[in-house]
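> Got a sequence here, can you build the structure:
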Amino acid sequence: MNASLRALLSGVVDYAGLFPPAGLPLDEAIRNYARYRQGPDAWMLGRFVIPASRLPAELSFRISAVGRGVDDPTVLRESVSGDLTAIGSLPTAEAYELKGPFEPASVVGAAELVLNSGATLFYEIGFAGDWRRDLAEVAAAVSAFNADYPDDRAGLKLRCGAPGPSSAFPAAEEVAHVLRVCRDAGVPLKFTAGLHHPIRHFDAALQAPMHGFINVFTAGVLAHARGLGEEDLRAVLADEDPAAFVFSDDGLRWRDWHASTAGIAAARTDFVTSFGSCSFDEPRDDLRALGWM
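Residues are numbered from 1 along each chain as shown. Next up is the predicted model:
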C-alpha cells in the first residue's frame, strides 16, 4: 500500500450496516464493526453509523448518529433536541447526520443546537426545486457559521445513490457542482449511498451509472489541492478507467493533474471527510481486485 492511496482512504468508510440494502440487525452490525476494528484493514474504517434513537448507552465505538429528520421546520428544533439527548449520553459520538428543510435558517439553527455536543453536524443536501440556488445560500450560511465557531464546524452531506430508478442518482455534473460550491465556501462534505465500489461503472441490475468512491474522493482532493473547476471535476467523476488513477508514495495523479500526499491528507481533513457504506467488504474486495491493496 503506497502512501498516497493510504492518505486518500484512511478512515474513509463509515460503516452503515444497519441501513439498506444490508439492513442488518443491531447486534450483527455491532459484531461486524468490532471485527473490522481488529482486522488488518482497520486503517480504512471510520465511524459506526447508527440512528440516534437506537444508541445503546454502553457502545464504545466512534459514532456517527443519524437524526430522525423532518420536513417541517417548525418541529426541527424539537427533533434535534431529542436526538442530542441520546447523543449526549455517548461521549464517542463524533458526528450527527441530519436531513431536514434545506434552507439557511434550518441548517444554521441545527448547527447552533449541536454546538458543544462533541459532534459535527452534517446536513443532507437535497436536489428538489431550485437546489443550486438553495445550495449556494446554505453553503454561504454554513461558511459564516464555521467562521464564527471554528472549533464546532458544520458540514454538508451528499447522497450519491439510492434504491430505485436512475433518477435517484445525482449526475456527475451535479456532484461536480456540489464539490465546487462547497470547496469555494470552505464547507466540509461527507457522502453516503451508492459508493460501494471504487470506480464509476454502469450497474446492470439498477440500470444506472454508479459513482465510484475513488472518483469522488480524487475529485474532492483535486478540487481542494488544485482548484479544479466543474468541467474537470465532472470528467474525474465520470471516468470509468481505473488506469487513469495512479497512486505513488509522492501523491496521486489523474490524467494531467497531480496532488501530493500532503495535499491529499489536507483535503481529507478539511473537505472530503468520509462516506457511509452498508458494506466494508465490497470496497476492500474491489480494491484488491484492482491490485491496489
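
> List the residue ranges of the stretch 51-200 of the chain that fall below the pLDDT cut-off.
89-90, 162-168 (pLDDT under 70).

> State the distance from A223 to V236.
Separation of A223 from V236 (C-beta to C-beta, to the nearest Å): 9 Å. C-beta: built from backbone N, CA, C; applies to glycine.

> List the contacts of G46.
By C-beta atoms under 8 Å, 6 or more residues apart in numbering, the contact list for G46 reads 11-15, 62, 64, 274.

> ok, now which ones touch the residue nearest to G220 when sequence neighbours are not counted?
Closest residue to G220 in three dimensions, ignoring its sequence neighbours and counting by C-beta to C-beta, 6 or more residues apart in numbering: V272, at 3.2 Å. Each residue near V272 by C-beta under 8 Å, 6+ apart is listed here: 188-191, 216-217, 220-221, 224.

> from the contacts of G46, which would you call buried?
Members of the contacts of G46 that pass the buried threshold by neighbour count (16 or more other C-beta atoms under 10 Å) are listed as 12-15, 62, 64, 274.

> Return the subset of those residues lying in strands.
When DSSP state E defines the strands, the subset of the buried ones among the contacts of G46 inside them is 13-15, 64, 274.

> Now distance to D184 too, for the buried ones among the contacts of G46, in TSV please.
Output for those, formatted as TSV (distance: C-beta to C-beta, whole Å):
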residue	distance to D184
V12	23
V13	27
D14	25
Y15	31
R62	30
S64	26
S274	21
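
> Of these, which is the nearest to G155?
Comparing the buried ones among the contacts of G46 against G155 with C-beta to C-beta places S274 closest, at 10.2 Å.

> State the pLDDT value of the closest one.
As summarised for this prediction, S274 has a pLDDT of 98.

> I'd guessed it sits against V13; true?
Yes. A contact is recorded between S274 and V13 when judged using C-beta atoms under 8 Å, the distance being 7.1 Å.

> quick one, helices of the chain?
In the chain, the helices defined using DSSP state H lie at 3-9, 26-38, 76-88, 104-114, 131-148, 172-185, 213-226, 230-238, 261-270, 281-289.

> Pick the most buried one from those helices.
Using mean count of other C-beta atoms under 10 Å, the stretch among the helices of the chain with the greatest mean number of neighbours is helix 213-226 (a mean of 25).

> CA atoms only: put that one into PDB for me.
Below are the C-alpha coordinates for helix 213-226, written out as PDB (Å, rounded to 0.1, in the frame of the first residue of the first chain):
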ATOM      1  CA  PHE A 213     -15.500   6.400  -4.300                       C
ATOM      2  CA  ILE A 214     -12.100   6.700  -5.800                       C
ATOM      3  CA  ASN A 215     -13.600   9.100  -8.400                       C
ATOM      4  CA  VAL A 216     -15.400  11.100  -5.800                       C
ATOM      5  CA  PHE A 217     -12.500  11.500  -3.400                       C
ATOM      6  CA  THR A 218     -10.000  12.100  -6.100                       C
ATOM      7  CA  ALA A 219     -12.300  14.800  -7.500                       C
ATOM      8  CA  GLY A 220     -12.600  16.300  -4.000                       C
ATOM      9  CA  VAL A 221      -8.800  16.200  -3.400                       C
ATOM     10  CA  LEU A 222      -8.100  17.900  -6.800                       C
ATOM     11  CA  ALA A 223     -10.800  20.500  -6.200                       C
ATOM     12  CA  HIS A 224      -9.200  21.300  -2.800                       C
ATOM     13  CA  ALA A 225      -5.500  21.000  -3.800                       C
ATOM     14  CA  ARG A 226      -5.500  22.200  -7.400                       C
END
